[in-house]
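S.K.: Below are the sequence and a predicted model for it; my questions follow.
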Amino acid sequence: MSSPPDLKTSQTLFRDLMRAPEGVEPGARQLVGEGRLESTDLSFLVRGDARLGPAARLDIYAGMYFYRLRDSLAEDFPKTVAVIGGARFHNLITDFLLVHPSGSWSLRFTGVPLAGFIATHPLSREFPFLADLARLEWARIESFDDENAEPIPRDRIARLGEDGIGRLRLGLVPACRLLEVEYAVAPLWLAIERGNAPRADLGNNTEAAVASEGFEEIPPVRITKPDRAAGFIRVWRHGFRVFHRTMRSDEHACLVRLRDAGGTLPEVGDIILEHLGREEGAGGAEGKDGLQEEATRRMAGLFELWLSEGLLTEL
């Protein structure tokens with residue numbers, strides 16, 4: 001190269017060489033072919049010596065870069081690692097980063113598109129539930145990191161009285177995610193978390209589960225593949241802990257309403273009543289009265305549950 005490029009160009013070339021799928025030397029040849037480099041001499045980026053030339057030194061950086069991304073993703077998706085094992089996860093992330101290279105200075109956002117990528121990956125033919133499992137894991141990451149909001153305290157509810165509670169405008173705390181899944185992945189997540197696997201350290205975000213050395217030797221766990229059963233899961237943070245649980249369709253619909261637009265308890269009750277009517281079918285005034293009572297009981301039970309789990313805010 002006749003003259004060294006400016007700093008921004010050098011940084012861009014360095015980044016692209018780090019991401020070159022076949023290694024630094026083939027990546028440099030490709031950049032020459034694209035007219036972005038004059039030659040494969042990379043000494044303007046890093047100095048070589050008698051032991052290692054510039055390309056070989058850059059290859060060390062490139063390897064470190066990939067393994068750091070892979071290990072970070074393994075830390076975010078330990079249950080996914082547990083199901084398919086270290087070798088397959090390594091290959092999955094290799095494919096993933098070719099399509100979705102990291103676009104942020106922070107490792108935190110690398111896994112945003114992973115669940116969607118898994119849904120289109122050949123692995124999904126053998127593990128059709130894997131994308132839902134990854135979505136659950138990522139929802140837990142997002143809920144842990146999301147902004148804090150003060151849940152409605154019980155003493156506030158106690159002071160309002162029945163009429164005041166009915167007029168209270170409710171919202172959902174930001175650190176909550178609502179998922180629609182095709183497979184029953186919540187029991188699978190719990191089984192791995194409890195260590196029902198050949199390696200009890202998998203699924204607990206331990207260093208052993210994500211260390212580069214020996215990572216590809218991590219065996220897959222023995223699992224019972226979950227049934228295909230469409231359902232709903234909510235993930236939320238309460239204090240400094242993240243929880244998740246499955247939901248019925250009426251609870252999911254109520255929480256979607258509270259998340260998107262807010263609502264009062266009577267409005268929540270109308271949503272529950274509508275779902276009960278579709279599920280059971282009401283005939284005559286007596287049937288409707290029975291459904292109304294059931295909807296009221298259901299609404300009261302959900303309200304108590306949401307309060308206890310710190311899901312509700314006052315709008």
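M.R.: Perfect, I can see it now.
S.K.: Only C-alpha atoms from now on, for both contacts and neighbour counts.
M.R.: Will do.
S.K.: Secondary structure element for the most centrally placed residue in the chain, which one?
M.R.: By CA atoms, centre = their mean, the chain has its centre lying nearest to W138, at 1.2 Å. Here W138, judged by DSSP states H and E, is contained in helix 130-145.
S.K.: Can you give me the first-to-last residue distance of stretch 142-159?
M.R.: 34 Å (CA to CA, to the nearest Å).
S.K.: which secondary element of this protein has the worst mean pLDDT?
M.R.: Lowest by mean pLDDT, DSSP states H and E among the helices and strands of the chain is helix 207-210, with a mean of 40.
S.K.: Got phi/psi on T246?
M.R.: Backbone torsions of T246, given as degrees, to the nearest 10, read phi -80, psi 160.
S.K.: How about L172?
M.R.: Recorded main-chain torsions at L172 are phi -110, psi 140, according to degrees, to the nearest 10.
S.K.: Where does pLDDT dip in this protein?
M.R.: For the chain, the stretches flagged by pLDDT under 70 are 1-2, 196-213, 280-287.
S.K.: Heading C-terminal from the lengthiest helix in it, find the next helix or strand.
M.R.: Secondary structure assigned by DSSP state H gives helix 284-308 as the longest helix of the chain. Next in sequence after helix 284-308, counting helices and strands by DSSP H and E, comes strand 312-314.
S.K.: got the contact list for that next one?
M.R.: Strand 312-314 is touched from outside by A149, E150, P151, I152, L168, R169, L170, G171, L172, V173, W306, with contacts defined as CA atoms under 8 Å, 6 or more residues apart in numbering.
S.K.: before we move on, what about stretch 12-26?
M.R.: 27-28, 40, 45, 55-56, 58-59, 61-63, 65, 98, 101.
S.K.: Just the helices from this protein, written as ranges.
M.R.: Under DSSP H, the chain gives helices at 7-19, 24-33, 54-76, 78-99, 114-120, 123-126, 130-145, 154-167, 185-193, 207-210, 249-260, 265-280, 284-308.
S.K.: Out of those, which one sits most buried?
M.R.: helix 130-145 (a mean of 22; mean count of other CA atoms under 10 Å).
S.K.: Not counting it itself, show me its contacts.
M.R.: Here helix 130-145 has contacts from 76-77, 79-80, 111-112, 114-116, 118-119, 124, 174-177, 179, 181-183, 185-186, 189, 235-237, 240-244, using CA under 8 Å, 6+ apart.
S.K.: orientation of it relative to helix 185-193 in degrees?
M.R.: Interaxial angle, helix 130-145 versus helix 185-193 (axes from the mean of the first three to the mean of the last three CA atoms, to 10 degrees): 80 degrees.
S.K.: could you give the angle of helix 130-145 to helix 54-76?
M.R.: Going by the same axes, to 10 degrees, helix 130-145 makes 80 degrees with helix 54-76.
S.K.: Give me the distance between A56 and D16.
M.R.: Plainly put, A56 is 15 Å away from D16 if you go by CA to CA.
S.K.: Return the member of the contacts of strand 312-314 nearest to A261.
M.R.: G171 (7.6 Å; CA to CA).
S.K.: Quick check: that closest one touching G263?
M.R.: Yes. At 6.8 Å, G171 counts as touching G263 under the criterion of CA atoms under 8 Å.
S.K.: So which bits of stretch 167-186 are buried?
M.R.: Residues 168-186 are the ones in stretch 167-186 that count as buried (16 or more other CA atoms under 10 Å).
S.K.: Run through the residues that contact T224.
M.R.: T224 is in contact with L188, counting by CA under 8 Å, 6+ apart.
S.K.: I'd like to know which elements the top strand by length along the chain is packed against.
M.R.: Using DSSP state E, we find that the single longest strand of the chain is strand 228-238. Packed against strand 228-238 by the contact rule (3 or more CA pairs under 8 Å, 6 or more residues apart in numbering; DSSP states H and E) you find helix 130-145, strand 176-183, strand 241-247, helix 249-260.
S.K.: got the ones you listed as TSV, with distance to M299 columns?
M.R.: Listed next are these as TSV, based on distance: least, CA to CA, whole Å:
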stretch	distance to M299
helix 130-145	25
strand 176-183	19
strand 241-247	14
helix 249-260	9
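S.K.: So R70 versus C254, what's the distance?
M.R.: For R70 relative to C254 (CA to CA), the value is 38 Å.
S.K.: wait, I meant D49
M.R.: D49 is 66 Å from C254, by CA to CA.
S.K.: hmm, who's touching the longest strand of the chain?
M.R.: Residues from elsewhere that reach strand 228-238 (CA under 8 Å, 6+ apart): 129, 136, 139-140, 143-144, 175-184, 186, 242-249, 252, 309-311.
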